[in-house]
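**Student:** the sequence and its predicted three-dimensional model are supplied below.
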Amino acid sequence: MANRAALRAKSPHLAKKQDRRRDEVLDAAAAVFAAKGFHDATTRDIADRLGLLPGSLYYYVESKEAAFAEVCRRRGEGFNARLAAILAAPGSLEDRLRAGLLQHMLHNRADLVSTIAMSERALPGWRDLRALGRLYQRLWERVFRAGIAARELPRDFDCRAAALALLALCNGAVHATENKPPREIARLAARFADYFLNGALPRPA
């Protein structure tokens, strides 16, 4: 490991090439995990997808668990970046809620949700993954607090409870949206937003 770091420091070109190859390895790992699930996937499956010998894979990732944790970390950072961008852009509470729900449901993956829920502490860097999840929840809380500031929500609105309910709603439906076309996922996300904003009961005339 120390020799590898020294080589990277001496050759920026080599470092970039290695980073690109590692990205390819992680993309292949994500595809294998999506197709087979974490528990059934093997490092050989990942290597085969890239046309590598299994031993060559360990130059880029230490284990299947490490590859999965890195895939999760990158996905988590993507979730946070997309929601932060929605929060930073002008818009009403409804605009942000609909956009955030759509992005969440389009990018959510059943295999990641299930494995993290069952085996989080067994993954390398699990505390970092948990921190990313907490940040994502806090971003949703900020969406609701912005609604309070804009007088779109009452001052006593419980932002934390709302964020938890929204995430439970989306993650609970992840298996129902697996392998569905984006148009169908968008339709379901719009329904979820309707129910979350307006409730299921009819409004009095």
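**Tutor:** That came in fine, so what should we check first?

**Student:** break the chain into its domains for me.
**Tutor:** Each domain of the chain is listed here as a residue range: 2-57, 71-198, per automatic domain parsing.

**Student:** what number of residues lie near His175?
**Tutor:** 12 (other Cβ atoms under 10 Å). For every residue, glycine as well, the C-beta is placed using N, CA and C.

**Student:** begin at 15 from now on, thanks
**Tutor:** Sure, I'll start counting at 15 from here, so that last one is His189.

**Student:** quick one: pLDDT of Asp125?
**Tutor:** What the model reports for Asp125 is a pLDDT of 66.

**Student:** now swap in the one 10 residues further on and tell me
**Tutor:** Arg135 is assigned a predicted lDDT (pLDDT) of 69.

**Student:** need the helix or strand of this structure with the lowest average pLDDT.
**Tutor:** helix 16-24 (a mean of 52; mean pLDDT, DSSP states H and E).

**Student:** buried set for the helix or strand just after that one?
**Tutor:** Next helix or strand after helix 16-24 toward the C-terminus (DSSP states H and E): helix 26-50. Buried residues in helix 26-50, counting neighbours by 16 or more other Cβ atoms under 10 Å, are found at Gln32, Val39, Leu40, Ala42, Ala43, Ala44, Val46, Phe47, Ala48.

**Student:** so who does the second one touch?
**Tutor:** Just to be clear, that refers to Val39. Val39 makes contact with Ile60, Leu64, Leu71, Tyr74, Val75, Ala81, according to Cβ atoms under 8 Å, 6 or more residues apart in numbering.

**Student:** pLDDT below threshold where in the protein?
**Tutor:** In the predicted model of the chain, residues 15-29, 124-125, 128-135, 214-219 satisfy pLDDT under 70.

**Student:** all the helices of it, residue numbers only.
**Tutor:** 16-24, 26-50, 57-64, 68-71, 78-102, 107-121, 124-133, 140-163, 173-186, 188-191, 196-212 (DSSP state H).

**Student:** please tell me how far Lys194 sits from Arg201.
**Tutor:** Remark: distance between Lys194 and Arg201 (Cβ to Cβ, to the nearest Å) = 9 Å.

**Student:** please read the previous query as pertaining to Ala95.
**Tutor:** Ala95 is 25 Å from Arg201, by Cβ to Cβ.

**Student:** next one: Val157
**Tutor:** Val157 is 22 Å from Arg201, by Cβ to Cβ.

**Student:** and Arg110, by the same measure?
**Tutor:** Counting by Cβ to Cβ, the gap from Arg110 to Arg201 is 19 Å.
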